[in-house]
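In: Whatever this is, show me its structure:
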Amino acid sequence: MSTYAFQLGRQRDLSQEEIAAVFIQKHVHISHSRLVGEYLLVSVDTPIDGAELMHQLGGTRLIGEKLDPKGNAEETVFSYLSTLPSDQKLHFSVSGGTHASKLAIAVKKKLKKIGRSVRYVETKNTATILHNNLVAKGSHLTIIDNVVYVTRAIQPIEEMSERDYGRPSIDDKSGMLPPKLARIMINLAMPKKEDTLLDPFCGSGTLLGEAMSLGMEHIIGSDISERAIDDTTKNLNWLKEKLACSNLTLKIFKKDVRQTTENIEKNSIDIIATEPYMGVPRSGREQKVFLQKQTEELKQLYIDAFRVFKKIMKPDGRIIFVIPRFRYKEEWITIDCQKHIEELGFELLQYEESDMPLVYARDEQFVAREIWRWKLAE
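Out: The predicted structure is shown next:
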């Protein structure tokens, strides 16, 4: 049995559910799991490739693999580091609480006593780990509950940043779906490469771009906005060239979601993953009556969208759908459309550990995102 530590992102329940969904998709059986602070510790029957898994995940910062203990944590770190190649200077770092630095200095002294040329790197974030190439060297360690884990993968923050800020077209006025969240949403749907994915509110193409970078081969995007279609087309053509996609079928068109059936065949979509129109941009000064009126308008739009989804979804299709909630002073104004969607013939596809919905929110923002997962009722 192998045990791994996943350092979760800021929205820990989202990160945890993404890991669970990816493991189900990959047929990896979790024999035991528990949360320790920001880490999810997972024991599995067969070893996993941390680097490959990290390439797929959007909500995990670091993946570490448990080392066989050689006494206490300090002895385990020393024993492991002393086995690493000695033909060049050893750079290493240790994370994990207030005592990590003290332990690392003690280990450094022991390594010097056996003749090793060694440098302790004090890491404050994952960027430092990447800059010092500690993952490739196998020399970044994390101590969790006195157990030592060697880092196998770090989130590729530069790649994600380039897909976000380096693409040709960005529309920051209509709201921007974070690429990490887009990737989480896709993974929550447990897609196969050959599945057909639709985003009917594609915006600037963020979610479609993440689907493309995950290797999905059949991608469809639509939006009512001409600007959105232009942005999506430019961004996906740019990304397609960067990724050198060879087996990609891509279809982008301008259409109101309520008229999508004019462009998409009946029962042809495996996955719908989307952040729909969520109302006018917030300033925080809106009156409650305005927000309540907007929620009613959005509620009707979302119900109309699901009415269309029922026609174009395959019987075993999955839907990941964002529904906003709006902050007003100390309360949240929500959009209650679950009952209406169920009456259309859908049912919730429950998460493994968390209640529905998952929520993505930041303290300073006036709009939070509820992440719902649906399927056609059986």
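In: which stretches of this protein have low pLDDT?
Out: 172-175 (pLDDT under 70).
In: which helices and strands sit right next to whichever strand in it runs longest?
Out: Assignment by DSSP state E gives strand 313-328 as the longest strand of the chain. With contacts taken as 3 or more CB pairs under 8 Å, 6 or more residues apart in numbering; DSSP states H and E, strand 313-328 sits against helix 179-188, strand 269-274, helix 288-312, strand 331-333, strand 367-376. Where C-beta positions appear, they are placed from N, C-alpha and C, glycine not excepted.
In: Bridge partners for the nearest residue to residue 51 once chain neighbours are set aside, pull those for me.
Out: Once flanking residues are discounted, residue 51 sits nearest to residue 153: 4.7 Å by CB to CB, 6 or more residues apart in numbering. When bridges are called by DSSP bridges, residue 153 pairs up with residue 63.
In: got a list of what residue 153 touches?
Out: Residues in contact with residue 153 (CB atoms under 8 Å, 6 or more residues apart in numbering) are 50-51, 53-54, 62-63, 135.
In: Restricted to strands, list these.
Out: Going by DSSP E, the strands hold 62-63 from these.
In: Mind giving me the ChimeraX select for the contacts of residue 153, buried ones only?
Out: Buried residues within those, by 16 or more other CB atoms under 10 Å, are selected in ChimeraX with:
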select :50,53,54,62,63,135
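In: Identify the farthest-apart pair in the contacts of residue 153.
Out: 53 and 135 (13.5 Å; CB to CB).
In: ok, now how distant is the nearest residue to residue 360 once chain neighbours are set aside from residue 134?
Out: Counting by CB to CB, 6+ apart, residue 369 is the residue found nearest to residue 360 once chain neighbours are left out, at 4.3 Å. To residue 134, residue 369 is 34 Å away according to CB to CB, to the nearest Å.
In: Break this protein down into its structural domains.
Out: 2-157, 158-376 (automatic domain parsing).
In: Endpoints of the first one, how far apart?
Out: This means domain 2-157. 26 Å (CA to CA, to the nearest Å).
In: just use 206 as the starting number from now, easier for me
Out: Yep, numbering from 206; the last one is domain 207-362 now.
In: Give me the distance from that domain to the chain's centre.
Out: Remark: domain 207-362 is offset 20 Å from the chain centroid, using CA atoms, centre = their mean, to the nearest Å.
In: same thing with the longest one?
Out: In terms of CA atoms, centre = their mean, the centre of domain 363-581 is set 14 Å apart from its chain centre.
In: Walking through the stretch 356-505 of the chain, point out its helices one by one.
Out: Per DSSP state H, counting those that start in this stretch, the stretch 356-505 of the chain carries helices over the ranges 362-370, 384-393, 411-418, 431-448, 493-517.
In: how about the ones you listed in a markdown table, adding mean neighbour count and distance to residue 319?
Out: Listed next are these as a markdown table, based on neighbours: other CB atoms under 10 Å; distance: least, CB to CB, whole Å:
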| stretch | mean neighbour count | distance to residue 319 |
| --- | --- | --- |
| helix 362-370 | 14 | 36 |
| helix 384-393 | 25 | 42 |
| helix 411-418 | 26 | 45 |
| helix 431-448 | 18 | 46 |
| helix 493-517 | 16 | 64 |
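In: Which among the ones you listed is found nearest to residue 238?
Out: Judging the helices of the stretch 356-505 of the chain by CB to CB, what sits closest to residue 238 is helix 384-393, at 17.0 Å.
In: Could you check the angle that closest one makes with strand 572-581?
Out: Taking axes from the mean of the first three to the mean of the last three CA atoms, to 10 degrees, one finds helix 384-393 and strand 572-581 inclined to each other by 20 degrees.
In: Which residues does helix 384-393 contact?
Out: 214, 219-220, 222-223, 226-227, 230, 261-264, 365, 368-369, 402, 411-412, 414-416, 419, 421, 476, 478, 480, 525, 527, 556, 565, 574, 576, 578.
In: Equivalent analysis for stretch 459-470, please.
Out: 403, 405-406, 425, 427-431, 434, 458, 481, 506, 509-510, 512-513, 516-517.
In: List the buried residues for that stretch?
Out: Buried-residue list, stretch 459-470, by 16+ other CB under 10 Å: 460, 462, 465, 469.
In: Of these, which pair is most distant in space?
Out: Using CB to CB, the two most remote members of these are 462 and 469, lying 10.7 Å apart.
In: Alright, that wraps it up for me.
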